[in-house]
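A.B. asks: this one's structure only:
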């Protein structure tokens with residue numbers, strides 16, 4: 001059927017009604033909790049202060065609203081798709097039905113990166129906060145078991161400790177994976193408890209903060225631009241919106257549970273839009289009290305660890321001030337309570353990301369694009385346990401041995417890309433299947449999807465160039481897998497002729513060649529900017545990696561073009 005073969009709506013609905021498939025145990029309330037569980041985590045507790053200090057000042061509230069608007073446009077489109085096609089796979093499945101296999105593969109591979117890398121990064125951060133909680137109670141954990149082999153720590157006596165393995169990160173990934181293997185209903189119940197506790201703690205923090213708000217800290221709302229693009233002013237507001245977009249990542253993961261939902265045509269729109277609305281309100285109020293209690297510049301002071309712990313900075317500023325201006329914290333116990341909320345928040349984020357990732361992988365495997373072993377369900381629990389097991393190992397290894405850097409931008413660009421394709425898919429679906437039953441309809445089509453595409457593209461444009469470099473490299477690896485296996489094993493391609501296969505290889509290779517050239521160009525611009533800002537040699541590793549990957553793939557895709565020519569002859 002070719003590279004752009006589409007799955008029929010009837011076939012997808014047949015999959016959704018398969019009684020031998022996954023158990024349907026989730027209701028609308030559980031889906032809202034899943035969305036909140038995925039969203040409220042690293043974005044709320046760490047990125048808020050950093051984005052305010054470096055880009056937006058008190059205007060971070062506006063940045064959250066802009067990011068929420070982009071999410072809302074995409075959320076409305078997700079809600080229509082989820083009510084029409086209640087099948088596991090989210091944006092991957094929607095793209096397969098509207099734009100064909102090639103686009104579906106691209107977005108599916110992109111979602112693998114978003115969920116897997118996101119879960120590993122949050123697990124690394126979870127480990128750091130667990131260590132901090134133990135230290136607050138006078139318990140010292142072995143530093144070598146809290147870091148990757150590439151990390152070091154200087155102890156109080158001046159000695160340097162080298163990391164061996166980030167063991168707590170492995171523990172939390174393994175624990176959440178085992179919960180998911182046990183069953184979606186059990187996972188949802190655990191998530192409900194976690195969400196109730198962490199939202200309660202956040203509300204307590206907001207309530208306490210209100211009486212310490214100093215209106216002077218909130219003026220000017222938008223600090224004047226400092227002369228460079230993205231450094232305060234309106235360009236800073238937009239850049240901060242692109243960065244804090246990471247805080248909204250996760251509500252889309254709700255749609256991956258469609259096949260395990262009772263009455264998904266009603267519950268899915270409620271779950272997606274309800275969780276997005278609740279989290280947006282919490283974020284705006286949280287940003288208001290944070291920048292009201294503390295001058296935004298304070299969030300950029302101190303150590304790198306302080307930059308990612310704005311809540312601790314705010315707590316230190318809540319209390320009576322002495323004559324010399326020294327503040328005695330009135331709620332020192334609140335630090336430990338917030339750390340517990342963060343640990344709970346991160347655990348639920350990991351849970352939902354691993355849930356979403358395994359469901360996307362299950363769908364891709366079911367369609368023949370990945371090995372069929374990952375499409376098999378556990379005989380008792382009816383979960384894709386082998387997919388869960390694979391990513392338990394992969395994410396655990398990543399968290400255990402790769403330094404846990406802040407990769408919010410990397411997760412953001414993958415999600416924004418998925419949102420763009422979902423918005424475009426609604427326009428296509430309204431043209432190709434205008435009479436298909438829809439329990440929920442996106443309003444003002446094509447205006448809402450077009451606005452969603454434009455807002456998401458705008459935020460992608462404001463992300464750093466090195467984020468684009470990593471995305472392109474990941475996409476090229478995905479093309480390698482698709483050329484080696486996906487084209488040959490695809491269920492829809494079972495009846496393809498040699499000419500069809502050759503055409504598919506040719507188009508994939510041409511797109512790969514364009515990506516290789518694009519990688520070289522973006523790497524050059526990134527290197528030039530890095531030299532101007534930090535001097536020669538500041539980005540040598542990334543430049544060398546990018547150029548080697550681009551050169552190898554230029555040769556590989558040219559070889560594939562030769563193979564395609566023979567098949568099409």
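C.D. replies: Received the coordinates, thanks. Only a predicted model underlies this, so the values are computations on that prediction, with no experimental measurement involved. Residues are numbered from 1 along each chain as shown.

A.B. asks: Need the contact partners of stretch 551-569.
C.D. replies: 476, 480, 483, 498-499, 501-503, 505-506, 508-510, 512-513, 515-517 (CB atoms under 8 Å, 6 or more residues apart in numbering). Placement of C-beta: from N, CA and C, glycine included.

A.B. asks: Quick check: residue 154 vs residue 162, distance?
C.D. replies: Note on residue 154: its distance to residue 162, by CB to CB, to the nearest Å, is 11 Å.

A.B. asks: Neighbour count: the two, which is higher?
C.D. replies: Shown here are residue 154 and residue 162; by other CB atoms under 10 Å, residue 162 has more neighbours (13 against 10).

A.B. asks: where does the more buried one fall, phi/psi-wise?
C.D. replies: phi -100, psi 140 (degrees, to the nearest 10).

A.B. asks: so residue 152 makes contact with residue 159?
C.D. replies: No. Assessed by CB atoms under 8 Å, residue 152 is found out of contact with residue 159, at 10.5 Å.

A.B. asks: neighbour count winner among those two?
C.D. replies: Neighbours were counted for residue 152 and for residue 159 using other CB under 10 Å; residue 152 has more, 12 against 9.

A.B. asks: Now do the same contact list for that one.
C.D. replies: Residue 152 sits next to 160-163 when contact means CB under 8 Å, 6+ apart.

A.B. asks: gap between it and residue 210?
C.D. replies: 41 Å.

A.B. asks: And for residue 101?
C.D. replies: For residue 101, the distance to residue 210 equals 53 Å [CB to CB].

A.B. asks: When these two are compared, which one has more neighbours?
C.D. replies: residue 101 (28 against 12).

A.B. asks: Next, the more buried one: phi, psi?
C.D. replies: phi -60, psi -40.

A.B. asks: rewinding a little: of the contacts of residue 152, which belong to strands?
C.D. replies: 160-162 (DSSP state E).

A.B. asks: Let me have those in CSV, adding distance to residue 374 and pLDDT as columns.
C.D. replies: Shown next, in CSV, are the ones in strands among the contacts of residue 152 (distance: CB to CB, whole Å; pLDDT from 0 to 100):
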residue, distance to residue 374, pLDDT
160, 42, 80
161, 39, 80
162, 36, 82
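
A.B. asks: With respect to residue 231, which of these is nearest?
C.D. replies: Checking the ones in strands among the contacts of residue 152 against residue 231 by CB to CB gives residue 160 as the nearest, at 35.1 Å.

A.B. asks: Neighbours of the closest one, how many?
C.D. replies: Around residue 160 there are 9 residues (other CB under 10 Å).

A.B. asks: for residue 448, same thing?
C.D. replies: The number of residues packed near residue 448 is 20, by other CB under 10 Å.

A.B. asks: where are the low-confidence patches of the stretch 351-500 of the chain?
C.D. replies: Scanning the stretch 351-500 of the chain for pLDDT under 70 picks out the ranges 403-411.

A.B. asks: need the strands for it, in chain order.
C.D. replies: In the stretch 351-500 of the chain, no strands are defined using DSSP state E, counting those that start in this stretch.

A.B. asks: Show me the shaky parts of the stretch 201-350 of the chain.
C.D. replies: Scanning the stretch 201-350 of the chain for pLDDT under 70 picks out the ranges 246, 256, 259, 301-309.

A.B. asks: how about the strands in it?
C.D. replies: Counting by DSSP E, counting those that start in this stretch, the stretch 201-350 of the chain contains no strands.

A.B. asks: So the closest residue to residue 79 other than its chain neighbours versus residue 35, what's the distance?
C.D. replies: Once flanking residues are discounted, residue 79 sits nearest to residue 269: 3.8 Å by CB to CB, 6 or more residues apart in numbering. Distance of residue 269 to residue 35, given as CB to CB: 12 Å.

A.B. asks: now swap in residue 444 and tell me
C.D. replies: As for residue 444, its distance to residue 35 is 23 Å (criterion: CB to CB).
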